[in-house]
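Colleague: Pasted the sequence and its predicted model underneath.
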Amino acid sequence: MRVPPVTLLSVNLNAVAQLRNRRNLPWPSVMGIARVVLDAGASGITVHPRPDERHIRRTDVFELAELLRRDYPDREFNIEGYPSDDFLALIEAVQPQQVTLVPDDPAQATSDHGWDFVGQGALLRQVIGRLKTPGRRISLFCDPDAGEAGVAAARDTGTDRIELFTGPYGACFDDEAAARRELEKLADTTRAARGAGVGVNAGHDLTLANLPAFQRAVPGIAEVSIGHGLTSDALLLGFAEATRRYRAVLES
Ligand SMILES: CC(=O)[C@@H](O)[C@H](O)COP(=O)(O)O
Ligand SMILES: NCC(=O)COP(=O)(O)O
């Protein structure tokens, strides 16, 4: 598979929506921050609307889709979630360019594992058959140690890409040896995926501190989606500067 020229940055706005939802007020504005990060060069916007609307609301999803379509037609909308009936209907109404399917149950605090591609293969094949259109790619959340067997089972679902779950790597911020071991798993799974013709995205707990080593050790990533870390940096730097710094790492 051809090496992507540069790893793209999709900014996840869940954390911005979560801050807004502390009050029944419209700020910080999810749409306003979307504009700032897109103007600073983000290649797209990611959201993971959860059933309880604890952060991103259904209305945000429609407004962001309209913003991207109207003012940023060259950028992508990536919507993540478990393929419930409500989620599938939302995707069909909004028509994003990428859908990332994640095996979360509704009560889950955050995403913490990838799909069982064998055990849930039938479900995934059926959902992907329904969601995949010429203008839309599908990505499946994937454990870092999926390896060749996992990737082969993922490919059999018909997915275009996998998204590596980088949470365990992010959790090694104070343990270099453990971080190296996580990077090896991520690199092995990426090699296997690319060898099988499956594209690779990555995300969860990536930060300005851990992204450079990830970039060096795991080449060939098409896109990273980053929210929590970038939002934390933006509290100090502002969203435009934070976006530029993440892009600079990805383009170095
Ligand atoms: C699919 C994934 O990796 C998650 O990182 C997700 O987008 C984050 O969800 P929360 O913002 O709800 O923790
Ligand atoms: N798919 C991962 C994502 O969108 C962002 O996760 P995080 O940076 O908020 O951990």
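Modeller: Alright, I've got the coordinates. Quantities reported herein were computed from a predicted structural model and do not represent experimental measurements. Ligands and ions are numbered 1, 2, ... in the order given.

Colleague: residues touching the closest residue to Pro51 other than its chain neighbours, list them.
Modeller: Leaving aside its chain neighbours, Pro51 sits nearest to Pro106 (4.5 Å; criterion: Cβ to Cβ, 6 or more residues apart in numbering). To be clear about C-beta, it is placed using only N, CA and C from the backbone, and glycine gets the same treatment. Counting by Cβ atoms under 8 Å, 6 or more residues apart in numbering, Pro106 makes contact with 50-52, 82, 84.

Colleague: For these, pick the one with the most neighbours.
Modeller: Arg50 (22 neighbours; other Cβ atoms under 10 Å).

Colleague: and the residue nearest to Pro51, that one's in a helix?
Modeller: No - applying DSSP: H, G, I helix; E, B strand; the rest coil, one finds Pro106 to be coil, outside a helix.

Colleague: Secondary structure class of the most centrally placed residue in the chain, three-state.
Modeller: Note on the chain: the residue nearest the mean C-alpha position is Ser225, at 3.9 Å, using Cα atoms, centre = their mean. Look at Ser225: counting by three-state DSSP, its state is strand.

Colleague: do you know how far the residue nearest to Pro51 is from Thr100?
Modeller: Computed as Cβ to Cβ, to the nearest Å, the Pro106 to Thr100 distance reads 17 Å.

Colleague: Quick check: Gly44 vs Ser139, distance?
Modeller: As judged by Cβ to Cβ, Gly44 and Ser139 stand 12 Å apart.

Colleague: intersection of neighbour lists for the two?
Modeller: 78, 98.

Colleague: and stretch 50-69, what's its mean pLDDT?
Modeller: Averaging pLDDT along stretch 50-69 gives 97.

Colleague: start to end distance for that stretch?
Modeller: One end of stretch 50-69 to the other measures 23 Å (Cα to Cα, to the nearest Å).

Colleague: Next, the buried residues of it.
Modeller: For stretch 50-69, the neighbour count (16 or more other Cβ atoms under 10 Å) marks 50, 55-57, 60-61, 64-65, 67-68 as buried.

Colleague: The stretch 51-200 of the chain against ligand 1: which residues are in contact?
Modeller: Counting by Cβ under 6 Å from any ligand atom, the stretch 51-200 of the chain comes close to ligand 1 at 80, 102, 110-111, 141.

Colleague: Swap in 8 Å and give it another go.
Modeller: For the stretch 51-200 of the chain, the residues in contact with ligand 1 (Cβ under 8 Å from any ligand atom) are 54-55, 80, 100, 102, 104, 109-111, 141, 163, 165, 167.

Colleague: can you map out the strands along the stretch 101-250 of the chain?
Modeller: Using DSSP state E, counting those that start in this stretch, the strands assigned to the stretch 101-250 of the chain run over residues 137-142, 161-165, 199-203, 223-226.

Colleague: so which residue of the stretch 151-252 of the chain comes closest to ligand 1?
Modeller: Taking Cβ to the nearest ligand atom as the measure, the stretch 151-252 of the chain has His204 as its residue closest to ligand 1, at 3.9 Å.
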